[in-house]
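need a structure here:
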Amino acid sequence: MRVEVITSVYNETFLAPLFLSHYAGWTDKITILTAQFPGGKLDDEIKMNLINDAIARSTASWVIAVDFDEFIWPLPFGTDPRKALEDETGHIIDCHMIRVWRHRTDSDIDRMKPPLPQRMHGTPDHHKPSIFRPQGVKLGIGIHSATFPPHYRWGSVWSAAHWANADPCFGIERSRTARQMRLSPNNLWHGWGTIPQWLEPQFLEREYEKHLDDPKMFG
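Alright, predicted model coming up:
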């Protein structure tokens with residue numbers, strides 16, 4: 001069994017050692033895609049074309065297609081992910097995301113340590129078909145949808161930590177300046193990734209305050 005991670009990077013240097021430490025120990029290949037976007041503006045259509053081309057080329061038994069701020073694991077928490085994939089009888093695994101926030105008891109992030117268990121508190125977020133056998137698979141924008149071969153069956157459900165807001169030390173600048181102010185005309189036209197409130201003064205700062213006492217979601 002071979003497991004390949006496919007992801008893309010856009011202004012996310014802070015997360016690089018955390019991403020690699022989470023996936024390197026139990027996957028066989030990590031494919032990190034970059035793109036020269038027109039005018040330096042993030043374009044999700046270009047990004048997804050790169051990801052789908054990488055999926056089409058993959059010879060792995062399983063592909064894990066995630067954003068650079070998403071860290072997935074099988075249930076229950078602590079299960080060996082490689083063993084879980086070896087035992088999986090389905091073709092697609094749905095990953096239920098928890099958006100993690102800095103809790104008032106959390107320490108500063110140590111980028112030389114794995115992301116889990118540095119952030120364990122948050123709120124339920126979206127879910128994605130992030131793990132699948134790659135033959136004949138094509139993902140939609142943001143990996144929120146996909147087309148699969150007709151014989152594919154849904155398998156287990158995994159959990160995931162979505163680190164977009166894991167700490168204001170990088171989350172505010174990344175969300176406000178590196179993303180919302182640098183979306184392509186194509187993204188703005190379709191509404192992809194647009195969250196206008198993030199550009200409002202102090203909006204994100206207030207959001208972090210609201211989540212200081214979020215419940216512990218895993219572990």
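
which secondary element of this structure has the worst mean pLDDT?
The helix or strand of the chain with the lowest confidence, counting by mean pLDDT, DSSP states H and E, is helix 185-190 at a mean of 86.

For it, enumerate the helices and strands it packs against.
In terms of contacts (3 or more CB pairs under 8 Å, 6 or more residues apart in numbering; DSSP states H and E), helix 185-190 is packed against helix 44-57. (Glycine included, C-beta is placed from N, CA and C.)

Now do the helix it packs on, average pLDDT.
On average, the pLDDT along helix 44-57 is 94.

Phi, psi for residue 143 please.
When read as degrees, to the nearest 10, the backbone of residue 143 gives phi 60, psi 30.

So what's the gap between the strand ranked longest in the chain and the chain middle?
The strand spanning the most residues in the chain, taking DSSP state E as the definition, is strand 122-132. Relative to the centre of its chain, strand 122-132 is centred 8 Å away, using CA atoms, centre = their mean, to the nearest Å.

Can you pull out the residues in contact with it?
Here strand 122-132 makes contact (CB atoms under 8 Å, 6 or more residues apart in numbering) with 62-66, 70, 72, 85, 91-101, 139, 143-146, 148, 152, 158, 160-162, 211, 214, 217.

Mind doing that once more with 7 Å?
Residues outside strand 122-132 that contact it (CB atoms under 7 Å, 6 or more residues apart in numbering) are 62-66, 72, 91-101, 143-144, 146, 148, 158, 162, 214, 217.
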